[in-house]
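K.L.:
Generate a structure from the sequence data that follows.
(chains A, B, C and D)
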2 protein chains.
Amino acid sequence: MTQGRVSLQDVATEASVTSSVVSRVLNGDSTVRVRPETRARILRAAEKLNYRPHPGARALASAQTRTVTLLIPDLTNPVYARIARGAMKVASREGYAVLISEDTATEALPYRQLADPGRTDGLLIASYRPGHPLLDRAVIGPLPHVFVNRLHPGSGRNVTVDFEAAGREALLRLAEAGHRHVAHIAGPAELPNSALQARAFAQAGVQAGVSVELIPTSLSEEGGAVATRALVEAESTVTAIYVGNYFQALGVLDALERAQWKVPDRVSVISFDDDRTASFLRPPLSTIAMAHDEQGEQAMVALLHQIRGGASQDVLVPTPPRFIDRGSVGPPRSAESK
Amino acid sequence: MTQGRVSLQDVATEASVTSSVVSRVLNGDSTVRVRPETRARILRAAEKLNYRPHPGARALASAQTRTVTLLIPDLTNPVYARIARGAMKVASREGYAVLISEDTATEALPYRQLADPGRTDGLLIASYRPGHPLLDRAVIGPLPHVFVNRLHPGSGRNVTVDFEAAGREALLRLAEAGHRHVAHIAGPAELPNSALQARAFAQAGVQAGVSVELIPTSLSEEGGAVATRALVEAESTVTAIYVGNYFQALGVLDALERAQWKVPDRVSVISFDDDRTASFLRPPLSTIAMAHDEQGEQAMVALLHQIRGGASQDVLVPTPPRFIDRGSVGPPRSAESK
DNA sequence: CTGAAAGCGCTTACAG
DNA sequence: CTGAAAGCGCTTACAG
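P.N.:
The predicted structure follows:
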């Protein structure tokens, strides 16, 4: 067996050509003119010796790492896991290795190090937030990068699902079911994602003659619960609630149950973002499912495009939000709406 | 500003020393003897120029990549997300970058490529299963590697939580509550994790005078549901069910509800593995929580140990399984047990 | 102890 | 068109 590493030179020797030719043939350099039999000989030699180019040597010589870096805020959030999955799928297909870093896990390895050219060809940033260290242009420098899911307004590098379409879809479904007075338990107003969604929901309400009450709160179980308790204590007359994310929705359902507000009899509930557990909640939760895998894929496509010299631009994932009916939306209770 | 890359040589020039010295000082080579002021000058120069070593050049010259690779079967499974998180935390602390690959996303980049020395110093394999391509020693070769969560019996490289302790804990809790006839809806018998757990559960049953019925099935919602329906149709007299994983548990609760077997009145339920959504199920689900973050940390510690020349050995995460009581375990219904 | 130099394995102008 | 050679940026025996 071969001991140690097989180099380009080894392949060249085996194929009785120079390493220059081997490099060009193996890299599909179209300018190289070589007889088919020579080409075949080279390929056979590489195969036989099980040749694998040394990534570091390649990076050193070509100033390309064929590696991209994923910056994820929270891997245990299935939304980000799916984004990462989509991104990895495309990267893998295109021959790129994927470095990953989670905000909560990054201690000693600072961003400046992750963003190092020589280490990576580009950054897929899912963890952007206003004031985030990565906002710092000085850190990212000229490195190709894309913001995914979390919008960075004005960057011209955003890849996102269609938050506005989601908001409209939710309102339409509720309006269709007959609701005329609804609440939207939303994310913080500073979050562009939440703001876009809330605005679209409200505007669609105006058009459909549905009055909309906006309740911004944190994107967590507790946030959802707090907002819900406020509605309950105020003896709100809303007959439906659209919830800004799945974690909030968990808190909402819980708080409604404690208040003995039956879903969907007393109040209908619909959540942004689907989840594997949604049909196992009680009641099973109707959701607006977003194409997060695809979002990750598109983001990686956009990033590779930049890496290959293309211009950056905002991308809206075309797949429309999909309403999944599991029964938590029903008609408004007719009487008693105060 | 500096244009282009800052090299070792640039730092050396700035500090009026040779690049050899800079390299040794920056790498903490203890054999180098240099005046404190020179050392300070070098450090200052590196800082001033914002020097960052080129990882590829380093890998080429030293045959070390300072990169490790995570092989994950399914990122959207929170268990693996937490393992990845723990692993990333330790890697980051130790100055290692982390490559990641998910089984489902890996198309073109084959394992042989991921496992390439020159690309990575070691493999953290969470996706082992019998017959897995990575079993192939020829692929992994002499590369340091560790199996995490999914046991590879006999490898001497397993880092896992204590499945047996979990099984025992579950049985003890049920016995404590008074149950004398219980079922264990388990994973497939071929999976060492499931087998260990099931055996420990059964053995603890023998010792506690509790009769145990084992029902192996797939580790999915559907698997849990199918097994549960079988119990129901057989009009089983078990008064409690211990479930092998969280996905199964979702199916179990659902099937029990459809069969109108109240939890915990008709039957108590306890699940291996906690989840963020567990307290939002109805009824809230009592679980045996495992320290998966820590499992990931320990696995990375073990891997880095190997990379640094240490021997490999099996590691059992010391943190004991923790029972989380959410009310789905109660006393057995007294009468009617046929 | 420390500096000069070889060498890691590639890519790619450049000269023929 | 193709080969010889320089050079990417490091580390580390090795010689002084």
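K.L.:
OK, contacts around the residue positioned nearest the centre of chain A?
P.N.:
Nearest to the mean C-alpha position of chain A, counting by C-alpha atoms, centre = their mean, stands A:I83 at 3.7 Å. Residues near A:I83 by C-beta atoms under 8 Å, 6 or more residues apart in numbering or on different chains: A:72, A:126, A:148-149, A:292-293, A:295-296, A:299. Quick note: C-beta positions are derived from backbone N, CA and C, even for glycine.
K.L.:
In which helix or strand does the residue nearest to A:T31 when sequence neighbours are not counted reside?
P.N.:
Spatially, and ignoring its direct neighbours in sequence, A:T31 is nearest to A:R24 (7.6 Å; C-beta to C-beta, 6 or more residues apart in numbering or on different chains). Here A:R24, judged by DSSP states H and E, is contained in helix A:19-26.
K.L.:
After that helix, which helix or strand is next?
P.N.:
helix A:36-49.
K.L.:
before we move on, back to that, let me know whether the helix holding A:R24 sits next to DNA strand D.
P.N.:
Yes: on the criterion C-beta under 7 Å from any atom of the strand, helix A:19-26 is in touch with DNA strand D at A:19-21.
K.L.:
got those residues as JSON lines, with neighbour count columns?
P.N.:
Output for those, formatted as JSON lines (neighbours: other C-beta atoms under 10 Å in any protein chain shown):
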{"residue": "A:S19", "neighbour count": "15"}
{"residue": "A:S20", "neighbour count": "12"}
{"residue": "A:V21", "neighbour count": "18"}
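K.L.:
Dump these to TSV, plus pLDDT and distance to chain B.
P.N.:
Output for those, formatted as TSV (pLDDT from 0 to 100; distance: C-beta to the nearest C-beta, whole Å):
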residue	pLDDT	distance to chain B
A:S19	89	16
A:S20	89	19
A:V21	90	22
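K.L.:
Those: which ones sit near DNA strand C?
P.N.:
Contacts with DNA strand C are made by A:19-20 out of the residues of helix A:19-26 next to DNA strand D, judged by C-beta under 7 Å from any atom of the strand.
K.L.:
Residues of chain A that sit close to DNA strand D?
P.N.:
Counting by C-beta under 7 Å from any atom of the strand, the residues of chain A near DNA strand D are A:17-21, A:31-34, A:57, A:60-61.
K.L.:
In ChimeraX, how would I select just the buried ones from those residues?
P.N.:
Of the residues of chain A next to DNA strand D, the buried ones can be selected in ChimeraX as follows, counting by 16 or more other C-beta atoms under 10 Å in any protein chain shown:
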select /A:17,21,57,60
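K.L.:
show me where the stretch 51-200 of chain A has helices.
P.N.:
A:55-62, A:78-93, A:111-114, A:137-140, A:163-176, A:192-208 (DSSP state H, counting those that start in this stretch).
K.L.:
One more: the stretch 201-338 of chain A?
P.N.:
A:221-233, A:246-258, A:292-307.
K.L.:
Reformat those helices into a markdown table and put mean neighbour count and distance to chain B next to each item.
P.N.:
Below are the helices of the stretch 201-338 of chain A laid out as a markdown table (neighbours: other C-beta atoms under 10 Å in any protein chain shown; distance: least, C-beta to the nearest C-beta, whole Å):
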| stretch | mean neighbour count | distance to chain B |
| --- | --- | --- |
| helix A:221-233 | 20 | 7 |
| helix A:246-258 | 23 | 4 |
| helix A:292-307 | 24 | 9 |
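K.L.:
between those, which gets nearest to B:D265?
P.N.:
With distances scored as C-beta to C-beta, the stretch of the helices of the stretch 201-338 of chain A nearest to B:D265 is helix A:246-258 (18.4 Å).
K.L.:
got the contact list for that closest one?
P.N.:
Under the criterion C-beta under 8 Å, 6+ apart, residues A:79, A:185, A:187, A:217, A:219-229, A:232, A:241, A:243, A:262-263, A:266-267, A:269, A:271-275, A:278, A:281-283, A:285, A:287, B:276-277, B:279-280, B:282 lie in contact with helix A:246-258.
K.L.:
With mean pLDDT and distance to DNA strand C added, can I get the helices of the stretch 201-338 of chain A in a markdown table?
P.N.:
Formatted as a markdown table, these follow (pLDDT from 0 to 100; distance: least, C-beta to the nearest atom of the strand, whole Å):
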| stretch | mean pLDDT | distance to DNA strand C |
| --- | --- | --- |
| helix A:221-233 | 98 | 50 |
| helix A:246-258 | 98 | 45 |
| helix A:292-307 | 97 | 14 |
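K.L.:
Now for the residues of chain A next to DNA strand D: which two are most distant?
P.N.:
A:R33 and A:L60 (27.6 Å).
K.L.:
circling back: which of the contacts of helix A:246-258 count as buried?
P.N.:
If we count by 16+ other C-beta under 10 Å, the contacts of helix A:246-258 have these buried: A:79, A:185, A:187, A:217, A:219, A:221, A:223-229, A:232, A:241, A:243, A:263, A:266-267, A:269, A:271-275, A:278, A:281-283, A:285, A:287, B:277, B:279-280, B:282.
K.L.:
so who does the nearest residue to A:L124 once chain neighbours are set aside touch?
P.N.:
Spatial nearest neighbour of A:L124, chain neighbours left out: A:L70 (5.0 Å); criterion: C-beta to C-beta, 6+ apart. Shown in contact with A:L70 (C-beta under 8 Å, 6+ apart): A:84, A:87-88, A:98-101, A:124, A:126, B:100.
K.L.:
Test my guess that A:T287 contacts A:D275.
P.N.:
Yes: with contacts counted by C-beta atoms under 8 Å, A:T287 reaches A:D275, the gap being 7.4 Å.
K.L.:
Poorly predicted segments of chain A, please.
P.N.:
Along chain A, segments meeting pLDDT under 70 span A:1-3, A:104-112, A:133-139, A:334-338.
K.L.:
per-domain residue ranges of it.
P.N.:
For chain A, automatic domain parsing gives the domain ranges A:8-53, A:67-160+A:293-316, A:163-291.
K.L.:
residue in the stretch 101-250 of chain A nearest to DNA strand C?
P.N.:
Relative to DNA strand C, the nearest point of the stretch 101-250 of chain A is A:G118 (12.3 Å; C-beta to the nearest atom of the strand).
K.L.:
which residues does that residue contact?
P.N.:
Here A:G118 is in contact with A:59, A:65, B:5, B:52, B:54-57 (C-beta under 8 Å, 6+ apart).
K.L.:
Buried among these? Make that a ChimeraX selection.
P.N.:
A single ChimeraX command selects the buried members of these (16+ other C-beta under 10 Å):
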select /A:59,65 /B:52,54,55,56,57
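K.L.:
and stretch A:184-200, how far out from the chain's middle?
P.N.:
17 Å (C-alpha atoms, centre = their mean, to the nearest Å).
K.L.:
again but with stretch A:65-78, I slipped
P.N.:
On C-alpha atoms, centre = their mean, the centre of stretch A:65-78 falls 10 Å from the chain's centre.
K.L.:
And it, end to end?
P.N.:
29 Å (C-alpha to C-alpha, to the nearest Å).
K.L.:
what about A:P320, neighbour count?
P.N.:
Around A:P320 there are 14 other residues, counting by other C-beta atoms under 10 Å in any protein chain shown.
K.L.:
any idea how far DNA strand D is from the closest residue to it other than its chain neighbours?
P.N.:
Leaving aside its sequence neighbours, A:P320 sits nearest to A:A165 (C-beta to C-beta, 6+ apart; 5.9 Å). Going from A:A165 to DNA strand D by C-beta to the nearest atom of the strand, to the nearest Å gives 46 Å.
K.L.:
can I assume A:A165 is in contact with A:R322?
P.N.:
No: at 10.4 Å, A:A165 does not count as touching A:R322 under the criterion of C-beta under 8 Å.
K.L.:
ok, these two, which is more surrounded?
P.N.:
Neighbours were counted for A:A165 and for A:R322 using other C-beta under 10 Å; A:A165 has more, 19 against 13.
K.L.:
residues touching that one, list them.
P.N.:
Here A:A165 is in contact with A:200, A:320-321 (C-beta under 8 Å, 6+ apart).
K.L.:
re earlier: from A:R157, how far out is the residue nearest to the centre of chain A?
P.N.:
Counting by C-beta to C-beta, to the nearest Å, the gap from A:I83 to A:R157 is 15 Å.
K.L.:
Please consider this matter closed, and thank you.
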